[in-house]
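> Dropping a prediction and its sequence here:
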Amino acid sequence: MRAEDRTARVRALLDSVRAGGRTALTAPEGRLIADAYGIAVPGEEVAGDVDRAVACAARFGGPVVMKIVSPDILHKTDAGGVVVGVEGAAEVRAAFHRIVRNARAYAPGARIEGVQIQELLPAGQEVIVGAVTDPTFGKVVAFGLGGVLVEVLKDVTFRLAPVDADEALSMLDSVRAAEVLRGVRGRAAVDRRAVAEQIRRVSELVTDFPEIAEVDLNPVIATADGAVAADIRVILATGTPRERRHYSREEILTSMRRLMRPSSVAVIGASNEPGKIGNSVMRNLVDGGFAGEIHPVNPRADDILGRKAYKSVTDVPGEVDVAVFAIPARLVAPALEEVGRKGIPNAVLIPSGFAETGEHALQDEIVAVAERYGVRLLGPNIYGYYSTWQNLCATFCTPYDVKGGVALTSQSGGIGMAVLGFARTTGTGVSAIVGLGNKCDLDEDDLLIWFGEDPHTECIAMHLEDLKDGRAFVAAARATVAKKPVVVLKAGRTAAGARAAGSHTGALAGDDAVYDDILRQAGVVRAPGLNDMLEYARALPVLPTPAGDNVVIITGAGGSGVLLSDAVTDNGLSLMEIPPDLDAAFRRFIPPFGAAGNPVDITGGEPPSTYEAAIRLGLADPRVHALVLGYWHTVVTPPMVFAELTARVVAEFRERGVEKPVVASLAGDVEVEEAGRYLFDRGVVAYPYTTEKPVAVLGAKYRWARAAGLLGGRYMR
């Protein structure tokens, strides 16, 4: 069927359903859509009376499935409206009457159009294919193993729709029970391409018709010969989502350039009174060494911190790039009008008291003012922001001036201060720290676009509670991940599954389940916790990109080697199978009671020379792509001796052009803390008292490298 013909056919059907005041399609209507989009379904007919049912069943010539057809009964099984394996005229008659009787008892006022007679599919692997309209990401296609346990185990994976054939195939490998589809315990493998084609066609359908809220093919019977949907359920949306205003990439970069590299900043609500937010912002700007112009705005002051104060921002001479607001929420809208008339492109809204406290109308008002004048808004309800390479500290919090390559953002002020404290404690150099708050305008995708181009930024880490526009974020992330890592801490993992749904797919599409797969699809590295996010951000720029999957563990303690091996597996990494020649080379300098293989256990009593020889061998062999070192504190090889020799050898190889990621786990007395800091400062990511953290960081580096196309494979679960 030609694309325009099938679109016209489905459009006419959906219009008819809506005209009838319905949102759920009947099974025969679902069949029409399936036929139009090439979704494989079994042979079926609708019988309006029992004699017709007998005749229909006879034509199929074998056992059949019988289902109630009613526009008012969405869940047919719950209504007792499905009977499977019916054969012979007597059974068909009995089943017909029972189905109709059950349906009338379940929903006395329901319209009953008949009973669907469907050929019984052969036994096979049940899977579920569907699509939902996610509030964050829009149309999302789903795949999982079907049957009774699907809603219990929730072994389902999601992708943004539409998907191509390769993307659809990847979904079959992304469920935990993927091996079942390849054939286990003597069962034949399913026709993977046929299953993937069902996924692709469903994704195409919901993309073509945005008014379709949910599609459910459950179950799809997958066999070695194909994949057929035993049931199709289609549900229409009840409303039209509000369109978000979009800006072009160039518009975003132009505005962000003036926000992050301003020449002139106005502080609306600047104050001479210590303890006031307006005083703290002014003092941070002045004391932080910002080289641009700083203009305090306060109608009741002539001079603030030795600088001329203006009654209104419209009185400030020349162009202003950023207006920082430090006034009560109720005063923001009229002051924002003045910012708009002045032609200032950015407003940083520190005040709280907007949507986060239920004042949605007040927030809507400032958004409307900003859109009228083309002002981009950061906030409200934020701590401000830092742009360290500009010596810009536009915040009422403590200053921070350690320049570096990490950009950090947070939706929460409390998390923002944790970010700041971590950066200070670890000496992490940052390019920016940005609060996002309510995100009434500027959000993560704007910042990603900017940081992706910013030469000072090497890694971006973002704490977020939600995304306003998931597709815009994915697009920005994909473009950025190709150049530099993006780490995300998504809060609210335990809130999954709260939404009401009209299908199995909808019920399975809990918020976090969708976020997890789509963030992976976008190529970002998802951090399980706050400290993980911060450590990933600090460490990823330090580690070189691995050239392959072969990870080798060199340890001075067998116990550490076992734990490190577990961590390697837990983080989706591959322990190298040591070839005989490399195994023999390791054995030449480790004691007889040590152990080659992987981990390479040199034992704890060995002198520094043994550690050095083992590390040199791992770095020199091109088949080894990453090293995990397990150090055990002994008097024979003290912590700083180990740290100095490791850093020296790694630096020597890097000077020769051999760059491999090296991480270290340090076990011992408190001296290992200093040794860890020494190594970290010299490009070896090291942590005391943990075997999990260094390997988790290495795993994060690998996940980014894969997403950026620098290693084989598209996904890591």
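Yep, it's here.
> if I've got this straight, Gly144 is in a strand?
Yes: Gly144 forms part of a strand when assessed by DSSP: H, G, I helix; E, B strand; the rest coil.
> so it sits right up against Gln125, yeah?
No: at 11.6 Å, Gly144 does not count as touching Gln125 under the criterion of Cβ atoms under 8 Å. In this view, the C-beta of every residue, glycine as well, is placed from N, C-alpha and C.
> out of the two, which sits in the busier spot?
Regarding Gly144 and Gln125, a neighbour count based on other Cβ atoms under 10 Å identifies Gly144 as having more, with 26 against 23.
> May I have the phi/psi pair for the closest residue to the more buried one other than its chain neighbours?
The spatially closest residue to Gly144, leaving aside those adjacent along the chain, is Val156, at 3.4 Å (Cβ to Cβ, 6 or more residues apart in numbering). Note on Val156: backbone dihedrals following degrees, to the nearest 10 are phi -130, psi 150.
> Same check on Val54?
The phi/psi pair for Val54 (degrees, to the nearest 10) reads phi -60, psi -40.
> Kindly report the same for the one 5 residues further on.
With angles defined as degrees, to the nearest 10, Arg59 sits at phi -70, psi -30.
> returning to what we had before: run a quick neighbour tally on the residue nearest to Gly144.
Neighbour count of Val156, defined by other Cβ under 10 Å: 26.
> Leu710 too?
For Leu710, the count of nearby residues is 13 (other Cβ under 10 Å).
> Ok, Arg249 next?
Using other Cβ under 10 Å, Arg249 has 12 other residues around it.
> residues touching it, list them.
For Arg249, the contacting residues are Ile449, by Cβ atoms under 8 Å, 6 or more residues apart in numbering.
> how about the residue nearest to Val628 when sequence neighbours are not counted, phi and psi?
Distances taken as Cβ to Cβ, 6+ apart place Ile553 nearest to Val628, at 4.6 Å, with adjacent residues excluded. Here is the backbone geometry of Ile553 (degrees, to the nearest 10): phi -100, psi 130.
> contacting residues for the spatially most central residue of the chain?
Closest to where the C-alpha atoms of the chain average out (Cα atoms, centre = their mean) is Leu519, at 2.0 Å. Neighbour list for Leu519: Ala477, Val488, Lys490, Arg526 [criterion: Cβ under 8 Å, 6+ apart].
> quick one: it and Pro162, what's the gap?
Counting by Cβ to Cβ, to the nearest Å, the gap from Leu519 to Pro162 is 19 Å.
> thinking again about what came up before, most neighbours among the contacts of Leu519, which one?
Looking at these with neighbours defined as other Cβ under 10 Å, the largest count falls to Ala477 at 26 neighbours.
> Ignoring the adjacent residues along the chain, who's closest to it?
Distances taken as Cβ to Cβ, 6+ apart put Ala522 closest to Ala477, at 4.1 Å, once the chain neighbours are dropped.
> surely Leu305 meets Asn284?
No: between Leu305 and Asn284 there is no contact under Cβ under 8 Å: 10.8 Å.
> who has more neighbours, these two?
Counted by other Cβ under 10 Å, Leu305 and Asn284 do not tie: Asn284 has more neighbours, with 21 against 17.
> contacts for the host helix or strand of Ser565?
In this assignment (DSSP states H and E), Ser565 forms part of helix 558-570. Under the criterion Cβ under 8 Å, 6+ apart, residues 551, 553, 555, 574-575, 595, 599, 601, 603, 628, 630, 632, 665, 667, 691-692, 695-696 lie in contact with helix 558-570.
> mind redoing it with 7 Å?
Residues outside helix 558-570 that contact it (Cβ atoms under 7 Å, 6 or more residues apart in numbering) are 551, 553, 555, 575, 599, 601, 628, 630, 632, 665, 667, 691-692, 695.
> Would you mind listing which of those are buried?
Buried members of the contacts of helix 558-570, counted by 16 or more other Cβ atoms under 10 Å: 551, 553, 555, 575, 599, 601, 628, 630, 632, 665, 667, 691, 695.
> The nearest residue to the fourth one once chain neighbours are set aside: neighbour count?
Going back to what we said before, that points to Leu575. Nearest non-adjacent residue to Leu575, counting by Cβ to Cβ, 6+ apart: Asn598, 5.1 Å away. Per other Cβ under 10 Å, the neighbour tally for Asn598 reads 23.
> Show me the shaky parts of the stretch 351-500 of the chain.
Applying pLDDT under 70 to the stretch 351-500 of the chain picks out residues 494-500.
> repeat for the chain
Low-confidence segments of the chain, defined by pLDDT under 70: 1, 147-153, 241, 494-511, 712-717.
> List the buried residues in the helix or strand hosting Phe451.
Per DSSP H and E, Phe451 falls inside helix 444-453. Neighbour-count burial for helix 444-453, with 16+ other Cβ under 10 Å as criterion, is recorded at Glu444, Asp445, Asp446, Leu447, Leu448, Ile449, Trp450, Phe451, Gly452, Glu453.
> next one: stretch 214-232
Residues 214-223, 226-232 are the ones in stretch 214-232 that count as buried (16+ other Cβ under 10 Å).
> Narrow the contacts of helix 558-570 to those in helices?
Here DSSP state H is the test, and those give Glu692, Val695 as lying in helices.
> Export the contacts of helix 558-570 to a markdown table and append columns for distance to Ala643.
Converted to a markdown table, these look like this (distance: Cβ to Cβ, whole Å):
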| residue | distance to Ala643 |
| --- | --- |
| Val551 | 21 |
| Ile553 | 18 |
| Thr555 | 16 |
| Leu575 | 25 |
| Pro599 | 20 |
| Asp601 | 20 |
| Val628 | 16 |
| Gly630 | 14 |
| Trp632 | 13 |
| Ser665 | 13 |
| Ala667 | 13 |
| Thr691 | 17 |
| Glu692 | 20 |
| Val695 | 19 |
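> Could you list which of the contacts of helix 558-570 belong to strands?
If you go by DSSP state E, the contacts of helix 558-570 have Val551, Ile553, Thr555, Leu575, Asp601, Val628, Gly630, Trp632, Ser665, Ala667 in strands.
> For the fourth one, give me its contacts.
The contact partners of Leu575, taken as Cβ under 7 Å, 6+ apart, are Val551, Ser565, Val568, Asn598.
> Relative to Ser560, how far out is it?
Going from Leu575 to Ser560 by Cβ to Cβ gives 14 Å.
> sorry, back to before: could you identify the helix or strand that succeeds the host helix or strand of the residue nearest to the centre of the chain?
For Leu519, the enclosing helix or strand under DSSP H and E is helix 511-522. Counting by DSSP H and E, the next helix or strand C-terminal to helix 511-522 is strand 525-526.
> Can you show me the CA trace of stretch 625-643 as PDB?
Written as PDB, here are the backbone C-alpha positions of stretch 625-643 (Å, rounded to 0.1, in the frame of the first residue of the first chain):
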ATOM      1  CA  HIS A 625      43.800  -1.500  26.700                       C
ATOM      2  CA  ALA A 626      43.300  -0.500  30.400                       C
ATOM      3  CA  LEU A 627      44.900  -1.300  33.700                       C
ATOM      4  CA  VAL A 628      43.300  -1.700  37.100                       C
ATOM      5  CA  LEU A 629      45.800  -1.600  39.900                       C
ATOM      6  CA  GLY A 630      45.100  -3.100  43.400                       C
ATOM      7  CA  TYR A 631      47.700  -1.800  45.900                       C
ATOM      8  CA  TRP A 632      48.200  -3.300  49.400                       C
ATOM      9  CA  HIS A 633      50.000  -1.200  51.900                       C
ATOM     10  CA  THR A 634      53.300  -2.900  53.100                       C
ATOM     11  CA  VAL A 635      56.500  -1.700  54.600                       C
ATOM     12  CA  VAL A 636      58.300  -3.300  51.700                       C
ATOM     13  CA  THR A 637      56.400  -1.000  49.200                       C
ATOM     14  CA  PRO A 638      55.000   2.000  51.100                       C
ATOM     15  CA  PRO A 639      52.100   3.900  49.600                       C
ATOM     16  CA  MET A 640      54.000   6.900  48.400                       C
ATOM     17  CA  VAL A 641      56.700   4.700  46.900                       C
ATOM     18  CA  PHE A 642      54.000   2.900  44.900                       C
ATOM     19  CA  ALA A 643      52.400   6.200  43.900                       C
END
